[in-house]
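K.L.:
fold the stuff below for me.
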Amino acid sequence: MVGRIVAVCTSETKGVRKDNVQRAYLQEGSGLVGDAHAGPWHRQVSLLAVESIARMRQKGLDVHPGDFAENLTTEGLELHSLPVGTRVKIGEQVLGEVTQIGKKCHVGCAVFKQVGDCIMPREGIFIKVLKSGQVEVGGTIEVLPDV
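P.N.:
Now for the predicted structure:
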């Protein structure tokens with residue numbers, strides 16, 4: 001299964017909408033360089049499908065890639081159906097591993113306050129970066145076969 005990256009988003013603080021910077025470097029063992037969520041933990045990079053965002057738009061919300069504080073917005077993959085442990089190749093170099101599906105939103109989440117709902121707890125996923133590299137809008141994201 002192969003999808004496409006439609007946004008590469010970052011922010012300097014947690015719990016806020018992220019800006020699409022078009023390209024970024026994913027650092028092994030840390031995440032997206034310069035992003036508030038980067039660090040040596042299991043939720044280094046967050047991903048959300050643009051199809052999930054489209055469902056929120058159908059409910060009347062004016063939301064776009066980055067509005068749910070995701071780092072990578074993808075197209076063409078049902079991310080939340082990928083089991084923990086699934087490996088993904090992002091772009092030409094990056095290797096990631098799914099570490100968590102969904103999350104519990106913290107009380108007072110700025111994203112929830114701004115848009116009235118947050119789909120990340122239901123359909124967002126998180127990965128840790130196993131191999132560093134550049135990612136950019138238009139690049140591919142491929143689900144790798146089990147090893």
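K.L.:
need the contact list for residue 93.
P.N.:
131-134 (CB atoms under 8 Å, 6 or more residues apart in numbering). (C-beta placed from N, C-alpha, C; glycine too.)
K.L.:
okay, the closest residue to residue 2 other than its chain neighbours: pLDDT?
P.N.:
Among residues not flanking residue 2 along the chain, residue 142 sits closest, at 4.7 Å (CB to CB, 6 or more residues apart in numbering). Per-residue confidence (pLDDT) for residue 142: 98.
K.L.:
the one 5 residues further on now?
P.N.:
The predicted structure scores residue 147 at 67 on the pLDDT scale.
K.L.:
check residue 68 too.
P.N.:
The model's pLDDT for residue 68 equals 86.
K.L.:
can you list the contacts of residue 93 in TSV and add neighbour count, pLDDT and secondary structure?
P.N.:
Formatted as TSV, the contacts of residue 93 follow (neighbours: other CB atoms under 10 Å; pLDDT from 0 to 100; DSSP: H, G, I helix; E, B strand; the rest coil):
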residue	neighbour count	pLDDT	secondary structure
131	13	98	strand
132	15	98	coil
133	17	98	strand
134	15	98	strand
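K.L.:
quick one, longest helix in this protein?
P.N.:
Among the segments of the chain that qualify as a helix by DSSP state H, the longest is helix 50-58.
K.L.:
tell me the mean pLDDT for that helix?
P.N.:
90.
K.L.:
ok, stretch 79-93 next?
P.N.:
So the average pLDDT for stretch 79-93 ends up being 96.
K.L.:
buried sites along it?
P.N.:
Residues of stretch 79-93 classed as buried: 79-80, 82, 86-91 (neighbour count, 16 or more other CB atoms under 10 Å).
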